[in-house]
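Chemist: Need coordinates for the below:
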Amino acid sequence: MTLFEELKARGLVAQVTDEPEIAELINNGKATFYIGFDPTADSLTAGHAVSLAFMRRLQQAGNKTIALIGGGTTMVGDPSGRTDMRKMLTTEQIAANGERFRAQMSKFIDFSDGKAIMVNNADWLGKLSFFDYAREVALHFSVNNMLRAECYRSRMDDGLTLFEMLYMTMQAYDFEELFKRYDCVLQCGGDDQWSNILAGRDLIRRKMHKSAYVLTFPLLTDSNGVKMGKTAGNALWLDPNKTTPYDFYQYWRNVSDADVIKCLKMQTFVPLDEIAELEKGNPNLAKERLAFELTAMVHSEEDAQQAQDTARSLFSGGVSENMPTVEITAGTYTIIDLLVASKFCDSNSDARRNIQQGGVSVNGETVTDIAAKFDVDAEGVILRKGKKKYARIRA
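Modeler: The predicted structure follows:
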């Protein structure tokens, strides 16, 4: 099976231009390709992990990898998938976020010996004067065509600024610059970026009369079409200080039966024949494999093993030394205080509701009194919410 055939078999090809040419390039390790990442937060998310794993697949086949940090495009913000304008960040925030991205990307991509490079589009966008932009970039774009793109059309009723419309042209200019600087002929990305990426391909053809190519992969969604990688409304972060390895493991351990095989195919490097065998067996075994593989990839095998051991211990009725720990000041706390401090509940009202529904226990005893109090010392108490959330609360 060729690399391109495997990408298709794993569900990692959504739309392509010039399929025979792309297949020939990546199958033979001849492509220089890039994926862009706008540093809008101080950590990458589980959604980015699909892109990073995709990059690793192409790199392992010998293709030259470019990770683009959008230091310039983040100053504008991508309107794709948005119902409002993105929050504007300072240059200092963007630079700090980009530095954190590199460390997380290195878990997936080998940057040694020129096998991959990281570039920042602020290096060229920041030097582009208004008149240069107008003559070299904007001149080649039709507003009518741009407004046909879903990322703009969906915003028309809510208000679309000229500022946001610049984003597509800036991303297109990125592709042109990387083509000229590094002979980058292929841009990849999530399928929501199709219009933006296609604009870059078209800009290269118009200005340079040369061929460039586009490949997008599907966004990771569940069987209901909802984006995966969020928990309780919050992103599933790759930074262990924002989402612990245990919580990261548990998220994937708890995916639905309908989604686990798709996640294994798209996100992991488990061979397809092994996935086919897992599909025939107990879904829980497939979920454990998914959770372990992703946690090991994002964090480490040690973190994955510890998370797995902890989960198995807790859900078999035991108490694990490695369970998530929340440290607070020694003292007496209400059960509501503990639920909020542990972030098991977002608010006091959410905590009261869970207690009244009988879904909360402390040290193995169900708590139904919303005024119940507990002493927290160095030994701590074991707090549980529902069947799958455990934590030791200690001073």
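Chemist: For the spatially most central residue of the chain, which non-adjacent residue is spatially closest?
Modeler: In the chain, the centroid-proximal residue (Cα atoms, centre = their mean) is Gly47; its distance is 2.2 Å. Distance criterion Cβ to Cβ, 6 or more residues apart in numbering; nearest residue to Gly47, sequence neighbours excluded, is Gly229 at 4.6 Å. Quick note: C-beta positions are derived from backbone N, CA and C, even for glycine.
Chemist: Surely that neighbour and Thr243 touch.
Modeler: No: Gly229 lies out of contact with Thr243 (Cβ atoms under 8 Å); the separation is 10.1 Å.
Chemist: list residues touching both of the two?
Modeler: Counting by Cβ atoms under 8 Å, 6 or more residues apart in numbering, the residues touching both Gly229 and Thr243 are Ala235, Leu236.
Chemist: OK, contacts around Pro324?
Modeler: By Cβ under 8 Å, 6+ apart, the neighbours of Pro324 are Thr244, Tyr246, Asp247, Tyr390, Ala391, Arg392.
Chemist: biggest separation within those, which pair?
Modeler: Asp247 and Arg392 (14.2 Å; Cβ to Cβ).
Chemist: Identify, from the contacts of Pro324, the entry nearest to Ala296.
Modeler: Tyr246 (13.3 Å).
Chemist: returning to what we had before: give me the number of residues near the residue nearest to Gly47?
Modeler: 19 (other Cβ atoms under 10 Å).
Chemist: Relative to Tyr251, how far out is it?
Modeler: 8 Å (Cβ to Cβ, to the nearest Å).
Chemist: The stretch 101-250 of the chain: helices as residue ranges?
Modeler: 122-125, 130-136, 143-146, 150-153, 162-182, 194-208, 245-253 (DSSP state H, counting those that start in this stretch).
Chemist: If you count neighbours, what's buried in the fifth one?
Modeler: Along helix 162-182, the positions that meet the burial threshold by neighbour count (16 or more other Cβ atoms under 10 Å) are 164-179.
Chemist: for it, packing partners?
Modeler: strand 32-37, strand 64-69, helix 122-125, helix 143-146, helix 150-153, helix 194-208 (3 or more Cβ pairs under 8 Å, 6 or more residues apart in numbering; DSSP states H and E).
Chemist: tell me the mean pLDDT for that helix?
Modeler: Averaging pLDDT along helix 162-182 yields 88.
Chemist: same deal with the third one?
Modeler: Averaged across helix 143-146, the pLDDT comes to 71.
Chemist: tally of neighbours for Ile66?
Modeler: For Ile66, using other Cβ under 10 Å, the count is 21.
Chemist: bridging residues for the nearest residue to it once chain neighbours are set aside?
Modeler: Taking Cβ to Cβ, 6+ apart, and ignoring the residues beside it in sequence, Ile66 has Tyr34 as its nearest neighbour in space, at 3.7 Å. Beta-bridge partners for Tyr34, by DSSP bridges, are Ile66, Gln187.
Chemist: Show the pLDDT at Tyr34.
Modeler: 97.
Chemist: Same question for the one 10 residues further on.
Modeler: pLDDT, the model's per-residue confidence, is 93 for Leu44.
Chemist: how much space between it and Lys343?
Modeler: Distance from Leu44 to Lys343, by Cβ to Cβ: 21 Å.
Chemist: When those two are compared, which one has more neighbours?
Modeler: Leu44 (25 against 14).
Chemist: Let me see the contact set for the more buried one.
Modeler: Per Cβ under 8 Å, 6+ apart, neighbours of Leu44: Phe37, Leu52, Phe101, Gln104, Met105, Trp237, Leu238, Asp239.
Chemist: repeat that for 10 Å
Modeler: By Cβ atoms under 10 Å, 6 or more residues apart in numbering, the residues touching Leu44 are 37, 51-52, 97, 100-101, 103-105, 107-108, 235, 237-239, 298.
Chemist: Now Asp38. Nearest residue, chain neighbours left out?
Modeler: Per Cβ to Cβ, 6+ apart, closest to Asp38 is Gly70, 3.8 Å.
Chemist: What spatial separation is found between that neighbour and Asp257?
Modeler: Taking Cβ to Cβ, one finds Gly70 at 37 Å from Asp257.
Chemist: quick one: which of those two has more around it?
Modeler: More crowded of Gly70 and Asp257, by other Cβ under 10 Å: Gly70, with 26 against 12.
Chemist: Surely that one touches Tyr34?
Modeler: No: the pair Gly70 and Tyr34 fails to qualify as a contact (Cβ atoms under 10 Å) at a distance of 11.2 Å.
Chemist: Residues in contact with both of the two, list them for me.
Modeler: Asp174.
Chemist: possible to save the helices of the stretch 101-250 of the chain as CSV with distance to Met75?
Modeler: Below are those laid out as CSV (distance: least, Cβ to Cβ, whole Å):
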stretch, distance to Met75
helix 122-125, 8
helix 130-136, 13
helix 143-146, 19
helix 150-153, 18
helix 162-182, 9
helix 194-208, 16
helix 245-253, 30
